[in-house]
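Colleague: Can you look at this prediction? I've put the sequence above it.
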Amino acid sequence: MFPSPIRKRFSNTAAFSILLVLFILIGRSAIGETLVATIASVDLNRLAFETVDVTARSIQVLPGEGVKSLASRVTKTATTDVEKARALYVWLTENIRYDAEGYFSGSYGSVSVEEVLKTGKSVCQGYANLFESMSRAVGLDAVTITGWAKGAAYALDTFARSAANHAWNAVKIGERWFLVDCAWGAGHLSGREFVKSFDPFYFMTPPEQLICSHFPKNADWQLLDPPLRKKPSLKFQKPGLTFFGAV
């Protein structure tokens with residue numbers, strides 16, 4: 001069961017209180033100040049999207065419902081563009097399952113927005129198409145990016161192949177573009193089975209981290225300055241919260 005807002009707020013506050021006591025015991029040293037500042041930012045980050053996350057997870061597709069109506073309901077509690085993007089990301093990761101059977105058989109079927117909404121499943125292209133469509137329906141500028149990724153089928157020659165093997169998105173918030181991968185945020189493959197497991201890391205992932213696993217065809221969508229002109233080193237593993245030391 002998804003924790004209620006009250007329970008989550010209490011647990012975060014309690015954790016922060018404990019760390020505040022530790023700070024007092026440690027003293028106003030550089031280590032103590034860094035510790036509290038880091039935990040405080042993590043605590044606030046967890047609370048920041050609480051309302052839109054709960055709303056997004058509660059929305060179900062109505063019979064015959066179109067993208068515009070659905071996207072409007074999913075983002076109904078969002079008050080900023082970043083909250084709209086977050087709500088759409090959470091909804092997609094919650095309600096669309098990765099089509100593992102189609103992936104391994106090579107028969108992906110249609111990845112159109114209509115088909116993804118109808119079946120509730122797709123491969124990465126379907127996730128990306130739907131995120132872009134829903135984003136545009138609520139006034140966000142979004143694009144679909146194609147390229148190479150170090151996913152389940154990663155091999156030493158993955159980035160040497162001519163055919164792209166993945167799709168993800170960029171969404172514009174204010175004057176900046178941010179990277180989003182709903183397919184990887186929805187879960188992962190274990191053997192030939194899809195395991196649903198929400199991962200917030202792939203929402204607005206820092207470009208310098210996502211480049212370790214995602215290499216777009218168009219170098220501009222690396223969002224790096226300067227962009228890498230060669231495909232990333234094969235020694236990098238798939239990034240994640242633990243890999244980058246985040247919580």
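Modeller: Nice, I can see it. Remember, it's a predicted structure, so these values are computed and weren't measured experimentally.

Colleague: Which of the helices and strands in this structure ranks last by mean pLDDT?
Modeller: helix 5-26 (a mean of 40; mean pLDDT, DSSP states H and E).

Colleague: I'd say V52 and K76 touch.
Modeller: No. Counting by C-beta atoms under 8 Å, V52 stays clear of K76, with 9.1 Å between them. From N, CA and C alone the C-beta is placed, and that goes for glycine too.

Colleague: Neighbour count for the two, which is higher?
Modeller: The neighbour comparison of V52 against K76 (other C-beta atoms under 10 Å) goes to V52, with 26 against 14.

Colleague: which one is the more buried one nearest to, not counting chain neighbours?
Modeller: A87 (4.4 Å; C-beta to C-beta, 6 or more residues apart in numbering).

Colleague: residues in contact with the residue nearest to K196 when sequence neighbours are not counted?
Modeller: Nearest residue to K196, sequence neighbours excluded (C-beta to C-beta, 6+ apart): G187, at 4.3 Å. Contact partners of G187, counting by C-beta atoms under 8 Å, 6 or more residues apart in numbering, are 93, 97-98, 194-199.

Colleague: let's see it at 6 Å
Modeller: 194-197 (C-beta atoms under 6 Å, 6 or more residues apart in numbering).

Colleague: For it, give me the pLDDT.
Modeller: Predicted confidence (pLDDT) for G187: 95.

Colleague: before we move on, what about T38?
Modeller: 42.

Colleague: repeat for L47
Modeller: The model's pLDDT for L47 equals 54.

Colleague: where exactly do the strands run in the chain?
Modeller: 97-98, 121-122, 141-149, 166-173, 176-180, 187-190, 193-196, 203-205, 214-216 (DSSP state E).

Colleague: Adjacent strands (with direction) for the first one?
Modeller: Based on DSSP bridges, the pairing partners of strand 97-98 within the sheet are strand 121-122 (parallel).

Colleague: What mean pLDDT does the partner strand get?
Modeller: Here the average pLDDT along strand 121-122 is 96.

Colleague: just stretch 53-66 next, same as before
Modeller: Per-residue scores along stretch 53-66 average to 96.

Colleague: what comes up buried for it?
Modeller: 53-57, 59, 61 (16 or more other C-beta atoms under 10 Å).

Colleague: any idea which of those residues is closest to P206?
Modeller: Closest approach between these and P206, by C-beta to C-beta: D53, at 20.5 Å.

Colleague: mind listing what that closest one touches?
Modeller: V90.

Colleague: how far away is it from E83?
Modeller: 10 Å (C-beta to C-beta, to the nearest Å).

Colleague: And E114, by the same measure?
Modeller: According to C-beta to C-beta, E114 stands 26 Å off from E83.

Colleague: Among the two, which residue is more densely surrounded?
Modeller: Neighbours were tallied for E114 and for E83 using other C-beta under 10 Å; the higher tally belongs to E83 (20 against 13).

Colleague: Isn't the more buried one up against V52?
Modeller: Yes. Contact criterion C-beta atoms under 6 Å: E83 and V52 qualify, at 4.9 Å.

Colleague: and for those two, which residues touch both?
Modeller: In contact with both E83 and V52: no residue, using C-beta under 6 Å, 6+ apart.

Colleague: The residue nearest to V52: neighbour count?
Modeller: Neighbours of A87 using other C-beta under 10 Å come to 28.

Colleague: so what's it up against?
Modeller: By C-beta under 6 Å, 6+ apart, the neighbours of A87 are 52, 56, 74-75, 78.

Colleague: got it, and F49?
Modeller: Taking C-beta under 6 Å, 6+ apart, one finds R86 in contact with F49.

Colleague: Report the separation between it and K121.
Modeller: From F49 to K121 the distance is 25 Å (C-beta to C-beta).
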